[in-house]
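Q: Have a look; sequence and predicted model below, questions after that.
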Amino acid sequence: MFDIQRTFSRTELLIGKENIEKLRDKKVAIFGLGGVGSFVTEGIIRCGIKNLILVDNDEISPSNINRQLYALQSTIGKKKTELAKERCLDINPLANIQTFNLFYLEETQNQIDLSDCDYIIDAIDTVSAKLLLIENAKKLNVPIISSMGTGNKLNPFAFQISDIFKTSVCPLARTMRYELKKRGYNSKTLKNLKVLFSTEIPASSIRPPASISFVPSVAGLMIASEVIKDLCNK
């Protein structure tokens, strides 16, 4: 029998009963369930947040196994959203989880209602989808944090969380700043757009990006930490 108090008792000792109850009622949308997003989801659900929107159109492939939480030999070919939902419900059976198997595009954006979300997490790979999600989050006045590049990296200690207009080194962050400025955004018109980025010079520039187990996982858990602290006002 599920005992919610015992399940999150150690977390309550750290952040207090008031914050546990606060988190329980929050709603978080996570876009992308790969190397970063799968660990974001894990960190979020294990902190007691029970209302989640999970978005990803991919299935597990053999090349995912080196870094993605849901990727196992036994899950190859299965939908990431289905695997994520199943794992989340195994952690918290009371969780309310909506899943969307789609790419976030102009033509699909209206399928997902983000207006009642308390936080949006962007762990998408494509620049166009990241920009669209950021713009929609800002229109809805919903806080968002966006993951920059974790591929071709070896040093998880080089990750930082900062405003997009204060980033450096990261090629994806550079591209995002450029594209946002083209759309008329700057540090004044797009205040406090949080991103996770790395100050590490990429170990290579090959495509598709090289990856390793301990870099995107750390990035995902750092994002989860930032979201939880923001929702608790810590």
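A: Cool, the structure landed. Residues are numbered from 1 along each chain as shown.
Q: Please make it C-alpha for all contacts and neighbour counts, starting now.
A: OK.
Q: if I look at L172, how far off is K229?
A: The span separating L172 from K229 equals 25 Å under the rule Cα to Cα, to the nearest Å.
Q: nope, D90 is what I meant
A: D90 sits 24 Å away from K229, going by Cα to Cα.
Q: the helices in the chain, which residues?
A: Remark: helices assigned in the chain by DSSP state H are 4-7, 9-15, 17-24, 37-45, 80-91, 127-140, 171-182, 216-231.
Q: ranking those by burial, who's on top?
A: Ranked by mean neighbour count, the helices of the chain are led by helix 37-45 with a mean of 25 (mean count of other Cα atoms under 10 Å).
Q: on that earlier part again, could you export the helices of the chain as JSON lines, including mean pLDDT and distance to F103?
A: JSON lines is the format used below for the helices of the chain (pLDDT from 0 to 100; distance: least, Cα to Cα, whole Å):
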{"stretch": "helix 4-7", "mean pLDDT": "92", "distance to F103": "34"}
{"stretch": "helix 9-15", "mean pLDDT": "97", "distance to F103": "34"}
{"stretch": "helix 17-24", "mean pLDDT": "96", "distance to F103": "28"}
{"stretch": "helix 37-45", "mean pLDDT": "98", "distance to F103": "14"}
{"stretch": "helix 80-91", "mean pLDDT": "98", "distance to F103": "12"}
{"stretch": "helix 127-140", "mean pLDDT": "97", "distance to F103": "8"}
{"stretch": "helix 171-182", "mean pLDDT": "96", "distance to F103": "19"}
{"stretch": "helix 216-231", "mean pLDDT": "98", "distance to F103": "20"}
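Q: Mind checking those for the one nearest to I60?
A: helix 80-91 (6.3 Å; Cα to Cα).
Q: Model confidence for S187, exactly?
A: S187 carries a pLDDT value of 87.
Q: Oops, could you answer that again for P202 instead?
A: The model's pLDDT for P202 equals 86.
Q: gap between it and R24?
A: P202 is 38 Å from R24, by Cα to Cα.
Q: What of A71?
A: 28 Å.
Q: Same check on K80?
A: As judged by Cα to Cα, K80 and R24 stand 24 Å apart.
Q: With L180 instead?
A: 34 Å.
Q: Equivalent analysis for A210, please.
A: Distance from A210 to R24, counting by Cα to Cα: 37 Å.
Q: just C88 next, same as before
A: Remark: distance between C88 and R24 (Cα to Cα) = 14 Å.
Q: Nearest to L193, out of the helices of the chain?
A: Among the helices of the chain, helix 127-140 sits nearest to L193 (Cα to Cα), with 8.4 Å.
Q: so what does that closest one touch, helix or strand wise?
A: Here helix 127-140 touches strand 119-122, strand 144-147, helix 171-182, going by 3 or more Cα pairs under 8 Å, 6 or more residues apart in numbering; DSSP states H and E.
Q: Adding distance to V218, write these out as JSON lines.
A: Below are the helices and strands packed on helix 127-140 laid out as JSON lines (distance: least, Cα to Cα, whole Å):
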{"stretch": "strand 119-122", "distance to V218": "15"}
{"stretch": "strand 144-147", "distance to V218": "12"}
{"stretch": "helix 171-182", "distance to V218": "18"}
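Q: Quick one: closest of those to C47.
A: With Cα to Cα, the closest approach to C47 among those belongs to strand 119-122: 14.5 Å.
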